[in-house]
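Visitor: have a look at this prediction, sequence included:
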Amino acid sequence: MTGPLSHIRVLDLSRIMAGPWSSQILADLGADVIKVERPGRGDDTRSWGPPFLKDAAGNDTSDAGYFLAVNRGKRSITLELDTEAGQRAVRKLAAGCDILVENFKAGTLSRYGLGYEDLKAVHPKLIYCSITGFGQTGPKRDVAAYDFMIQAMGGLMSVTGEADGKPGGGPQKVGIPIVDIMTGMYATVAVLAALARRDTTGAGDYIDIAMLDMKAACLANQAMNYLLSGVPPRRMGNVHPNIQPQDVFACRDGHIVIVVGNDAQFAKFCEVLELPELASDPRYARNEGRVREREQLNASIGERLRTRDLDDWIARLERAGVPCGPINTVPRVFDEPQIKHRQMVRQLPHAVASSVPTLASPMRFRDAVIAYDRPPPTLGQHTDEIRREFGLELESDG
């Protein structure tokens, strides 16, 4: 079996995370992804450590964990894009690719003769995806952006964290670069949609993805709560603004997350708690009442949950079909039997280290495979190989 995109080739001119996350998804799906990097330095994230990958002798290599997290399955070639030779090489590479992903500041690649219109002239079927902080138009089109900054500007930090006035209150960012990740996923969806459209029209397309646009769109229910009510959402800690009970509760020996999603689950939850009177109370029988009376309801729930151990409650609630779970540390995530069963951690052979761990893709196909045959490349590892394939000049592009 082959990957669903084994017939597709991608030219990856991106670095940091949003673009590389997108191209890594395409690589997982079987696409041949050619990553263009600067000679000597490469992608900025190669140096974003510690920690760094260790070689066979136990010494740090030049590749940080950050880089390794988003560049699996790619081939690396080094080119200087600000030279004529480097620009010729990119044009020739683009002519042999289906998709190009880049995240330079707006207008940068056009100055090098590598913008969409430039490459469309030599390859009309090319799907060209530009990822920037603010998009190709608008008053901030020239402003650089990073994940943390867009979490703030896009409203995420206004609804994340403990409520103001409570211990630990105040704005908080999400603990992973969620803006980069979601922007990369939207970029992947967009290029695959353009690829499907090309099958019927024969034409490529230009895709403009902005991190701030993505974050605004992903305000989702919080945005609609505001647009319908005019009331700005606020930080509520772990409390869900629309569905209750959904919160973190203390048990006798730890904490449990309860995620009751509907009235039937609430009735089962009350049975397990041995508090049937809560389910029959007209204040709590329906979700809208539980949202309005959240504090009083959760006080009663919290009092009962503190009477038993965490594992005991999880076993009881799971048997009843009530969604719940422990708050795992990252090490506990990878000790989770379900994660082990799904083989979410894989080991890949590496050119410098004996092996490198990688997180498996969550995508699973019955009749296709996810490719785990290429570890994150060392800088320029495939330069000569790619030059030969594309007939590029063998002399230095500087």
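Guide: The structure has been received and is ready for your questions.
Visitor: I'd say P171 and S158 touch.
Guide: Yes. Taking contacts as CB atoms under 8 Å, P171 lies within contact range of S158: 6.6 Å. The C-beta positions use only the backbone N, C-alpha and C, and glycine is treated the same way.
Visitor: shared neighbours of those two, anything?
Guide: R235 (CB atoms under 8 Å, 6 or more residues apart in numbering).
Visitor: quick check: domain ranges of the chain?
Guide: 9-217+342-390, 246-329 (automatic domain parsing).
Visitor: can you give me the strands for the stretch 151-300 of the chain?
Guide: 205-210, 246-250, 255-259 (DSSP state E, counting those that start in this stretch).
Visitor: contacts for the longest one?
Guide: Right, strand 205-210. 116, 120, 127-137, 183, 186-187, 190-191, 194, 197-198.
Visitor: in its sheet, what does it sit against?
Guide: Applying DSSP bridges, strand 205-210 is found paired with strand 127-132 (parallel).
Visitor: what does the last one give?
Guide: In the sheet containing strand 255-259, its partner strands are strand 246-250 (antiparallel), strand 324-326 (antiparallel), by DSSP bridges.
Visitor: buried set for it?
Guide: 256, 258 (16 or more other CB atoms under 10 Å).
Visitor: residue numbering should commence at 4 henceforth.
Guide: Sure, I'll start numbering at 4, so the last one becomes strand 258-262.
Visitor: check the offset of that strand from the chain's centre.
Guide: 24 Å (CA atoms, centre = their mean, to the nearest Å).
Visitor: one more: the second one?
Guide: Going by CA atoms, centre = their mean, the spacing between the C-alpha centre of strand 249-253 and its chain's C-alpha centre is 26 Å.
Visitor: please put the alpha-carbon coordinates of it into CSV.
Guide: Only the C-alpha atoms of strand 249-253 are listed here, as CSV (Å, rounded to 0.1, in the frame of the first residue of the first chain):
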residue,chain,number,x,y,z
GLN,A,249,-17.9,20.4,32.9
ASP,A,250,-15.0,21.3,35.3
VAL,A,251,-12.1,20.0,37.3
PHE,A,252,-13.0,18.5,40.7
ALA,A,253,-10.9,17.3,43.6
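Visitor: pLDDT (mean, whole number) over it?
Guide: What strand 249-253 shows for mean pLDDT is 96.
Visitor: swap in the longest one?
Guide: Taken as a whole, strand 208-213 carries a mean pLDDT of 98.
Visitor: now render the strands of the stretch 154-303 of the chain as a markdown table, adding distance to V36.
Guide: As requested, the strands of the stretch 154-303 of the chain are arranged in a markdown table below (distance: least, CB to CB, whole Å):
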| stretch | distance to V36 |
| --- | --- |
| strand 208-213 | 17 |
| strand 249-253 | 39 |
| strand 258-262 | 37 |
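Visitor: alpha carbons of stretch 259-270, as CSV, please.
Guide: Only the C-alpha atoms of stretch 259-270 are listed here, as CSV (Å, rounded to 0.1, in the frame of the first residue of the first chain):
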residue,chain,number,x,y,z
ILE,A,259,-10.8,14.5,37.9
VAL,A,260,-12.2,16.2,34.8
ILE,A,261,-15.9,15.7,34.4
VAL,A,262,-17.4,16.3,30.9
VAL,A,263,-21.2,15.8,31.1
GLY,A,264,-22.5,16.6,27.6
ASN,A,265,-26.3,16.2,27.8
ASP,A,266,-29.2,15.7,30.2
ALA,A,267,-29.1,11.9,29.9
GLN,A,268,-25.5,11.8,30.9
PHE,A,269,-26.2,14.1,33.8
ALA,A,270,-28.9,11.7,35.1
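Visitor: N290: which of the strands of the stretch 154-303 of the chain is closest?
Guide: strand 249-253 (10.2 Å; CB to CB).
Visitor: now the closest one: buried residues?
Guide: Buried, per 16+ other CB under 10 Å, within strand 249-253: 249-250, 252.
Visitor: got it, and stretch 97-107?
Guide: Those would be 97, 100-107, for stretch 97-107 by 16+ other CB under 10 Å.
Visitor: can you check stretch 156-168 too?
Guide: Quick answer for stretch 156-168 (16+ other CB under 10 Å): 156-165.
Visitor: returning to that earlier point: closest to S50 out of the strands paired with strand 258-262?
Guide: strand 327-329 (35.8 Å).
Visitor: mind listing residues that contact that closest one?
Guide: 257-262, 313, 316-317, 320-321, 335.
Visitor: mind putting the residues you listed into JSON lines with pLDDT?
Guide: Formatted as JSON lines, those follow (pLDDT from 0 to 100):
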{"residue": "G257", "pLDDT": "91"}
{"residue": "H258", "pLDDT": "95"}
{"residue": "I259", "pLDDT": "97"}
{"residue": "V260", "pLDDT": "97"}
{"residue": "I261", "pLDDT": "97"}
{"residue": "V262", "pLDDT": "97"}
{"residue": "L313", "pLDDT": "95"}
{"residue": "W316", "pLDDT": "98"}
{"residue": "I317", "pLDDT": "97"}
{"residue": "L320", "pLDDT": "98"}
{"residue": "E321", "pLDDT": "97"}
{"residue": "R335", "pLDDT": "93"}
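Visitor: mind putting the residues you listed into JSON lines with distance to P7?
Guide: Output for the contacts of strand 327-329, formatted as JSON lines (distance: CB to CB, whole Å):
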{"residue": "G257", "distance to P7": "42"}
{"residue": "H258", "distance to P7": "40"}
{"residue": "I259", "distance to P7": "39"}
{"residue": "V260", "distance to P7": "35"}
{"residue": "I261", "distance to P7": "38"}
{"residue": "V262", "distance to P7": "32"}
{"residue": "L313", "distance to P7": "41"}
{"residue": "W316", "distance to P7": "42"}
{"residue": "I317", "distance to P7": "37"}
{"residue": "L320", "distance to P7": "38"}
{"residue": "E321", "distance to P7": "34"}
{"residue": "R335", "distance to P7": "33"}
